[in-house]
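[1] structure of the sequence below:
(one chain, ligands or ions: 2)
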Amino acid sequence: MSSTAPQDTGAGPQRLWSVDEHLADILAAVRPLEPIELQLLDAQGCVLVEDVTVPVALPPFDNSSMDGYAVRVADVAGASEEFPAVLTVVGDVAAGSGELPTVRPGEAARIMTGAPLPPGAEAVVPVEWTDGGTGGGAATGMTAASQAPEGAEGEVRVHRAAEARAHVRARGSDVKAGALALEAGTVLGPPQIALLAAIGRGTVRVRPRPRVVVLSTGSELVQPGEPLTEGRIYDSNSFALAAAARDAGAIAYRVGAVADDADGLRATIEDQLVRADLLVTTGGVSVGAYDVVKEALSAVGDEDEPGGGVDFRKLAMQPGKPQGFGSVGPDHTPLMALPGNPVSSYVSFELFVRPAIRTLMGLPDVSRPSVRAVLKADKALTSPAARRQFLRGAYDPVAGTVSPVGGSGSHLIAALAHADCLLVVPEDATSVEPGAELEVVLLG
Ligand code: AMP
Ligand code: MG
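    Numbering: from 1, shown residues only. Ligands and ions are numbered 1, 2, ... in the order given. Alright, predicted model coming up:
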């Protein structure tokens, strides 16, 4: 299959770079994006860059945790089914109520969940511990708070005693004013966004999601949904990688397939620079006659300036041997040129582009998690010498085993679609027996 000659680690064009060297070069060149102030929902999944303190206590006032009656403890002491405490209902307190009735000895106020505890009241008895009240608003039931007349009158019979503060959520019991709500570096998921909203923050300072432009190249490519003509295939890479970029946290812009024409590709890349924090191309990086990505990028890449230009190299990896990485345009926008075979481009994305996106976001874990698993297969896997091979697999977390899905061909999209992990066969292994342990990259 491939050469068993020792790996060339010199500097020449034949040099093979390891997966780790290539990733290290990419991560060394990519810097987290500058923070910006974003609306809460736009900040989802982003990394907070400020310590957020709580401006006002949460909850901001003592309030009821139940629908019921706000009472004075002494008035309901010793109350029972047989000998209920009979209290005069002096008003209704709904969530959001501003003006509150004062509860004096022998009185109660009907209260709804979340409503402020009225002055004089010391506890809330749930409506289930009462007869539900008679007369005034109480007679209409607990659900019709808005229909209850001001200063609802009538009586309520309370069947149980209540301790002080029973069913009362104290001011500041969630979080106190001045406390640290969220620390810089926190990744904002739904619960963190809930807290920010609850303490009244409309916007937050975060590292934004990178804008990733995905471009596929190839004159054979047809947009899905259009008729397929002789000798052509549908463009799957730009969809796969735009979806993968989103999955990694980016805002993805998919540019349809660009024909194998260096001028056209150059023009498209220049057009896209305005909305790109990272450009990803697929195809046109091997040694065929129409591999235009190299040709096009050497002219866009500002090689005269420090950090400019795109470097094409061969990796000791299968699939995904040819790779390009560098920067283009006046802002040195990073660009990653991936091979065209669908599995190659996807595996390359997972190994190199995903970490770059997550570095731009300032996220702590840039790579997919990996585990060790026992190979479950009918026969030994074979792998080229001196290449790190990534096979598609199905991982069984209960058994701790992994099975190959489909073969090693880098055109096998259907197998990829049924896999959930990559099996890693190390450089020094040319075969792996069933029962042997392997590293497995979980694709999530
Ligand atoms: P290339 O590296 O451009 O020579 O492409 C390698 C192989 O991948 C060829 O068989 C291409 O037809 C195929 N290929 C390239 N780009 C795509 C794409 N966007 N979608 C599906 N297949 C592709
Ligand atoms: Mg091509």
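
[2] helix, strand, or coil at S345?
    What DSSP: H, G, I helix; E, B strand; the rest coil gives for S345 is helix.

[3] contact partners for it?
    N237, A240, L241, T282, G283, G320, L338, P339 (C-beta atoms under 8 Å, 6 or more residues apart in numbering). The way it works is simple: take the backbone N, C-alpha and C, and place the C-beta from them, glycine included.

[4] and what of V47?
    V47 neighbours (C-beta under 8 Å, 6+ apart): G185, T186, V187, L188, V206, R207, M361, G362, L363.

[5] which one among those gets closest to ligand 1?
    Nearest to ligand 1 among the contacts of V47 is M361, at 25.6 Å by C-beta to the nearest ligand atom.

[6] I'd say that closest one and R211 touch.
    No. Between M361 and R211 there is no contact, the gap being 11.5 Å when judged by C-beta atoms under 8 Å.

[7] ok, back up a step: among the contacts of S345, which lie within strands?
    Applying DSSP state E to those, the entries found in strands are T282, L338.

[8] and the contacts of S345 near ligand 2, which?
    Filtering these for neighbours of ligand 2 using C-beta under 5 Å from the ion leaves G283.

[9] and the closest residue to ligand 1 within the stretch 251-400 of the chain, how many residues sit next to it?
    Nearest to ligand 1, among the residues of the stretch 251-400 of the chain, is G340, at 2.4 Å (C-beta to the nearest ligand atom). By the criterion of other C-beta atoms under 10 Å, G340 has 24 neighbours.

[10] low-scoring pLDDT stretches of the protein, where are they?
    Scanning the chain for pLDDT under 70 picks out the ranges 1-11, 13, 135-153, 298-308.

[11] how about the helices in the protein?
    Using DSSP state H, the helices of the chain run over 19-29, 73-76, 190-198, 237-248, 262-272, 292-300, 342-348, 354-360, 413-417.

[12] what does the third one contact?
    Taking C-beta under 8 Å, 6+ apart as the criterion, the residues outside helix 190-198 that touch it are 40-41, 43-44, 48, 52, 58, 174-175, 181-182, 186, 188, 204.

[13] and it, how far from the chain's centre?
    15 Å (C-alpha atoms, centre = their mean, to the nearest Å).

[14] first-to-last residue distance for stretch 257-276?
    End-to-end span of stretch 257-276 (C-alpha to C-alpha, to the nearest Å): 17 Å.

[15] going forward can the numbers begin at 390, since that is how I track them
    Let's use 390 as the start, then, which means that last one is stretch 646-665.

[16] show me the domain layout of this protein.
    The chain breaks down into these domains under automatic domain parsing: 401-422+597-750, 426-448+568-596, 452-558, 759-831.

[17] for the second one, how far is the first residue from the last?
    Right, the one you point to is domain 426-448+568-596. End-to-end distance for domain 426-448+568-596: 9 Å, by C-alpha to C-alpha.

[18] next: stretch 802-819.
    Distance between the two ends of stretch 802-819: 24 Å, counting by C-alpha to C-alpha.

[19] is it anywhere near ligand 1?
    No. On the criterion C-beta under 6 Å from any ligand atom, stretch 802-819 is out of touch with ligand 1, staying 7.9 Å away.

[20] list the buried ones in that stretch?
    A804, L805, A808, D809, C810, L811, L812, V813, V814, E816, A818, T819 (16 or more other C-beta atoms under 10 Å).
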